[in-house]
Structure formats: structure tokens, C-alpha cells
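J.: Have a look; sequence and predicted model below, questions after that.
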Amino acid sequence: MNRRHSSRDDFGKAGKSKFEQFKEVLFSDLPVKITCIFIAFLICVFYRISAFGSETYTVPLDIKSSDVIMVETGSKVPRVVEVTLTGNRNTLANISSDNLSAYVDISSKVKAGSYNFFVEVIPDERILQQLHPLQISVKPEQITLSVEEEMMGFVKVVPTIFGQPAHGYEQVSVTVEPTTVEVHGPKSVIENLESVQTEAVSIDGVSKDVSEQKVALSDINSFVDVSDKYVIVNVDIQSISERKTITGLVVEYDSLDSDYSIVTKAPSMDITIRGKLLDIENLKKNDFSASANCSAVDGEGNFLVPIFVFAPENVQVVSQTLESISVKAIRKNVEVEPDETAF
């Protein structure tokens, strides 16, 4: 009996001793332990704060419209918005505005009017995978826009030509394909739009045709969309054809029988020529000749003989003041006063 009670007392003393030891370990130097835990907490918070940061990006603002409604002409639409990302500082350093897109969706509206629209921001997939958590804010958060009905129409294409051809050449005609293009835009603009112009096509100093040149259409405004962005322009360049008058060309007698001579004084005449400017602009009287064909003179007397003009190659004689002359022929070795009135 005494031995059993003694064993129970020893067991109680041993159990109580372990609990007391645990309490002593737990509560010994308690202020120091609390201080250490607090410091560890502060270090954790500081690390998390230092690892996070914010960056602001300037992002172009797009407008998402529908086939029936779009921004009214003259509405003040911000070109860009400011997007702020909050997340891991190291990851933010590798992000640019190209990784973000911002837009305003007006496609839900079906009637013209003025509405408030929220600015939506979409980061690309890479940002969503690398930044977690991620906080996004944008300024302005919403904008007020006036919208109107969209309209489709066809307008003619007007080619824009710049410069002058080389000397001696001229622009004869200009063609463009297609001659009309389809345009979409605000009703107020399309109803008053008659044509679109091309970017300038230079013909400065050219001496041959400008063929099959692909040219962009000039921008009308940011609200109008053109179906064809490029057209084909052809410019016909030709040599300038001009007329010129040569004066005082002396007629020579030609093809006269050797037994006869002409006593009529040789006349002078004027001619008008036509040809390419480069071919005729420097021609002078000495470059031409005129002859009276006397092959029909077969005796003495008066004869009507034709006059022929000889011109350089590629030059056409279009008129002459004398087509023929009357000449007086005599047999040689017969002295006769010159006839100055026969023509």
C-alpha cells in the first residue's frame, strides 16, 4: 500500500515539474521575445513595401465604335491617358507603354447624343503573368463624348501632281485607279465630303511618262476611314510641239535646162514650221532651203514654176508665203534686162 502511494506521488511530481519547466521556458525573458517578434514583423512589412512600387505610363487612347455610331466630328478626344501600375518593383522596370492598351467603347450606344464613357485599360498577357498582385489606375477615369450616326459613301480620288517636266516636255494627262473610293465616317462629314486627294506625285524634271506609281491617299481626318489606302497614278508626259516662223528665205532656181537661163530676180519668202520644241527652238534660216523647180521650162517665155522647201528631219513645213512663181526664161547668150515684176 505505501509503495503504491509513493509511486503516484512521484508521477505527479514529475508531471508537474515538466509543465512548470514549459512555463518557465515560455515566459522567461518575455519582453525580449516579444521585441524580437515585433522586429521580425517590421522586417517582413518593410521588405514587402520595398519590393512594391508604382510606375506611370502614357498610353494612346483608342475609340471602339460600331457600324452605326461613332464619335461626332469636333469632339475633344484625349489622344493619350496616364496609366499607373502598382506591383513588384523589379518587374515594373521591364514594362513599357507598349505593353498596355487603353480604349473607350462607344459601340453600345445606338442613338446620337452626349455620354460619359469609362476608360478601360488592358495589360498584355505577360504583365498579368508576372505581376501578381497588380493594381491598375487611369487618369482620366472617364471622358464625355458626343456621338453621331456613321455613314458610308463613295468619293472621287483627285491626284496631286508636283513640279514641272524637263524643258521641252509637258504634262498631257493624269489618270488614277480606282477613280473612286469607299469612305466611312460621321454622317456630318461624309455628307459634305466630295473627294480625297493623293500624296504628291513629283514630275519635276522628268522627260518620260510616270507609270503605275503606287501612291497613298492623304489623311482626311481621324474620324474618316478610307477603304483603299493606296491608288495607282499614271501621268502622260509628251514632247512639246510648237510652231516657228522662218523669214527671208531666198528661193533658188533648180532643174533648169542648161540651154536656158532665168532672168527673173529670185524672190524671198517666209515659212512656218512645226515640230518638237527641242528640235526647232535653235533652227535658223540657214537650216532651210527653198527651190523653184524649173524642169518645165522648155523654151523662152514666162513659166509658172512650183516652189519646194527643204527642212531638217522631224520638222514639218505647215505653210509658206510662196507656193509658186512666174519666171521669164531666155536662151543663153541673149542679153535681156532682168524682169523684176514677173512675180
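T.: Perfect, I can see it now.
J.: for the protein, which residue is closest to the average position?
T.: In the chain, the centroid-proximal residue (CA atoms, centre = their mean) is residue 216; its distance is 4.1 Å.
J.: can you pull the contacts of that residue?
T.: 198, 199, 229, 230 (CB atoms under 8 Å, 6 or more residues apart in numbering). (C-beta placed from N, C-alpha, C; glycine too.)
J.: Residue 78 in helix, strand or coil?
T.: Counting by DSSP: H, G, I helix; E, B strand; the rest coil, the backbone at residue 78 sits in coil.
J.: Could you say which helix or strand holds the nearest residue to it once chain neighbours are set aside?
T.: Excluding its sequence neighbours, the residue lying closest to residue 78 (CB to CB, 6 or more residues apart in numbering) is residue 61, at 5.4 Å. Following DSSP states H and E, one finds residue 61 within strand 52-64.
J.: Okay, buried residues for that strand please.
T.: By neighbour count with 16 or more other CB atoms under 10 Å, strand 52-64 contains the buried residues 57, 59, 61, 63.
J.: Residue 61 is in contact with residue 97, correct?
T.: No - using CB atoms under 8 Å, residue 97 makes no contact with residue 61, being 11.7 Å away.
J.: So what pairs up with residue 306 in the strands?
T.: With DSSP bridges applied, residue 306 shows beta-bridge pairing to residue 324.
J.: next one: residue 153
T.: Residues in a beta bridge with residue 153, per DSSP bridges, are residue 183.
J.: and it, what does it touch?
T.: 182, 183, 190, 191, 193.
J.: again, only this time at 10 Å
T.: 180-185, 187, 189-191, 193-194, 224 (CB atoms under 10 Å, 6 or more residues apart in numbering).
J.: Just the buried ones out of these, please.
T.: In the contacts of residue 153, the ones that pass as buried (16+ other CB under 10 Å) are 181, 183, 184, 185, 187, 189, 190, 193, 224.
J.: Let me see the contact set for the second one.
T.: Just to be clear, that refers to residue 183. Residue 183 neighbours (CB under 10 Å, 6+ apart): 151-155, 189-190, 193, 196, 217, 220, 224-228.
J.: among those residues, which are in strands?
T.: 151, 152, 153, 154, 155, 196, 225, 226 (DSSP state E).
J.: I'd say the last one and residue 178 touch.
T.: No - assessed by CB atoms under 10 Å, residue 226 is found out of contact with residue 178, at 11.3 Å.
J.: burial of residue 296, as a residue count?
T.: 13 (other CB atoms under 10 Å).
J.: So it: helix, strand or coil?
T.: Secondary structure assignment for residue 296 (three-state DSSP): coil.
J.: Would you check how far apart it and residue 258 are?
T.: Between residue 296 and residue 258 the computed distance is 15 Å (CB to CB, to the nearest Å).
J.: same check, this time on residue 227
T.: The spacing between residue 227 and residue 258, counted by CB to CB, is 82 Å.
J.: Name the residue in the two with the higher neighbour count.
T.: Neighbour totals were compared for residue 227 and residue 258, and residue 227 leads with 13 against 6 (other CB under 10 Å).
J.: helix/strand/coil for residue 279?
T.: Three-state assignment for residue 279 (three-state DSSP): helix.
J.: Let me see the contact set for it.
T.: Taking CB under 10 Å, 6+ apart, one finds 168, 239, 241, 242, 273, 312, 313, 314, 315 in contact with residue 279.
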